[in-house]
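S.K.: A predicted structure for the sequence below; I have some questions about it.
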Amino acid sequence: MNRLPSEWRRLYAPTAPGPGPGPGPDAATQADPIDGTNLVDAQGRVRALVLQLGRPADWSALSRVWQGVQLDLAWPAPAIAVSGKDGYQLWFSLAQAVPVAQARTVLTAVQARYLGDVAPARVDLWPVTDANVPQGGRHAPVIPAEPDRPEHWSAFVAPDLAPIFNDTPWLDLPPNLEGQAELLSRLVSISFTEWEMAQAQLGVTMVAQPTTPTAASPQRSAPATPATTERAPAVSQSDPRRFLLDVMNNEAIEMPLRIEAAKALLPFVPPN
């Protein structure tokens, strides 16, 4: 039996599987979740966050992110992947789905913290806000996937093997699916508490709250005015445009995040 679909769903599907018994092994294999359209749900929420560094690939730089989020933010290790083209990727898994705009804001803060000396054109972040699709966002191509070029397979790789792909960030042969599943089986998702505490460290707590009934817990409220604290969860859950406007106009938020919010608003601007 191929375990990869179930491991993929456990980590990255917008709705995390519950603790009870599932539909059975056959259903897990037949209802193959390894499809990029499944990474953003109908409400525009995600559990997968992807940061790619390429053009060229540079593990020495990306390893700062991989190590830093574990040491500084107390996040579990993200999956490491080679893109099959020209870069490395880190795949983060959230225990609870969050809106696309919120996910991107936090991921942008991670980029600013650990890759501030890297040219922005070399970094790609997913999900991407897109008002032209029903769910309001697009996600990264799945890993592993059929290559665009022969002998250029994308794949998840073990941390100790990541450096050897620096010059050739791909596999020459199709990755072993059981091996891919085994790599994912060792990973765990970022918990709600870890996600919320990291937002405070990254300076985005006031406007970025996960979509959960406990998100407005008073003991974790940011040092903001009552109006800001009360409005933020509703904006992030139901109105991506309003959420982005609040980020862009909030002077308490770091400038790189406000600039990113302004860029993300472009698809919402009607053509002349």
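M.R.: All right, it came through fine.
S.K.: that's a strand at Met197, yeah?
M.R.: No - counting by DSSP: H, G, I helix; E, B strand; the rest coil, Met197 is located in no strand; its state is helix.
S.K.: For His152, see how far away the residue nearest to it when sequence neighbours are not counted is.
M.R.: For Met197, ignoring the flanking residues on the chain, the nearest one in space by Cβ to Cβ, 6 or more residues apart in numbering is Ala74 at 7.1 Å. C-betas here are computed from N, CA, C, even on glycine. Separation of Ala74 from His152 (Cβ to Cβ, to the nearest Å): 35 Å.
S.K.: and the two? which has more neighbours close in?
M.R.: Neighbour count, other Cβ atoms under 10 Å: between Ala74 and His152, His152 has more, with 17 against 14.
S.K.: Need phi/psi at the more buried one.
M.R.: Main-chain dihedrals, His152, degrees, to the nearest 10: phi -130, psi 70.
S.K.: domains for the protein, by residue range?
M.R.: 4-185, 192-268 (automatic domain parsing).
S.K.: mean pLDDT for these: which is lowest?
M.R.: Mean pLDDT across those is lowest at domain 192-268; the value there is a mean of 57.
S.K.: End to end on stretch 151-165, go ahead and measure it.
M.R.: Length of stretch 151-165, first residue to last, Cα to Cα, to the nearest Å: 14 Å.
S.K.: List the contacts of it.
M.R.: The contact list for stretch 151-165 (Cβ atoms under 8 Å, 6 or more residues apart in numbering) reads 57, 59-60, 63, 66, 77, 79-85, 88, 91, 141, 143-145, 147, 170-175, 180, 183-184.
S.K.: Secondary structure element holding the residue nearest to Met197?
M.R.: Counting by DSSP states H and E, no helix or strand carries Ala74.
S.K.: Next one: it from Asp130, what distance?
M.R.: 31 Å.
S.K.: Buried residues in the strand or helix carrying Thr193, which are they?
M.R.: Using DSSP H and E, Thr193 sits in helix 192-202. By 16 or more other Cβ atoms under 10 Å, the buried positions in helix 192-202 come out as 192, 194-199, 202.
S.K.: same question, stretch 118-129
M.R.: 118, 122-129.
S.K.: What of stretch 162-169?
M.R.: Residues of stretch 162-169 classed as buried by neighbour count (16+ other Cβ under 10 Å): 162, 165, 169.
S.K.: Confirm that the first one sits in a helix.
M.R.: Spelled out, it's Ala162. Yes - assigned with three-state DSSP, Ala162 falls within a helix.
S.K.: Dump the C-alpha coordinates for stretch 96-103 into PDB.
M.R.: Only the C-alpha atoms of stretch 96-103 are listed here, as PDB (Å, rounded to 0.1, in the frame of the first residue of the first chain):
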ATOM      1  CA  GLN A  96      -5.200  24.300  12.100                       C
ATOM      2  CA  ALA A  97      -6.100  25.900   8.700                       C
ATOM      3  CA  VAL A  98      -5.600  29.700   8.400                       C
ATOM      4  CA  PRO A  99      -6.700  32.200   5.700                       C
ATOM      5  CA  VAL A 100      -4.400  32.500   2.700                       C
ATOM      6  CA  ALA A 101      -3.600  36.200   3.500                       C
ATOM      7  CA  GLN A 102      -2.700  35.400   7.100                       C
ATOM      8  CA  ALA A 103      -0.400  32.500   6.100                       C
END
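S.K.: Please renumber the chain so that the first residue is 35 from this point on.
M.R.: Yep, numbering from 35; the last one is stretch 130-137 now.
S.K.: wait, isn't Ala131 in contact with Ala76?
M.R.: No - contact between Ala131 and Ala76 fails when scored by Cβ atoms under 8 Å: they sit 11.2 Å apart.
S.K.: related to what we said a few turns ago, tell me which of the buried residues of helix 226-236 is nearest to Pro168?
M.R.: In terms of Cβ to Cβ, no member of the buried residues of helix 226-236 lies closer to Pro168 than Trp229, at 25.7 Å.
S.K.: Tell me how far the closest one lies from Trp204.
M.R.: 31 Å.
S.K.: Next: Ser40.
M.R.: For Ser40 relative to Trp204 (Cβ to Cβ), the value is 25 Å.
S.K.: more crowded one of the two?
M.R.: Per other Cβ under 10 Å, whichever of Ser40 and Trp204 has more neighbours is Ser40, with 22 against 19.
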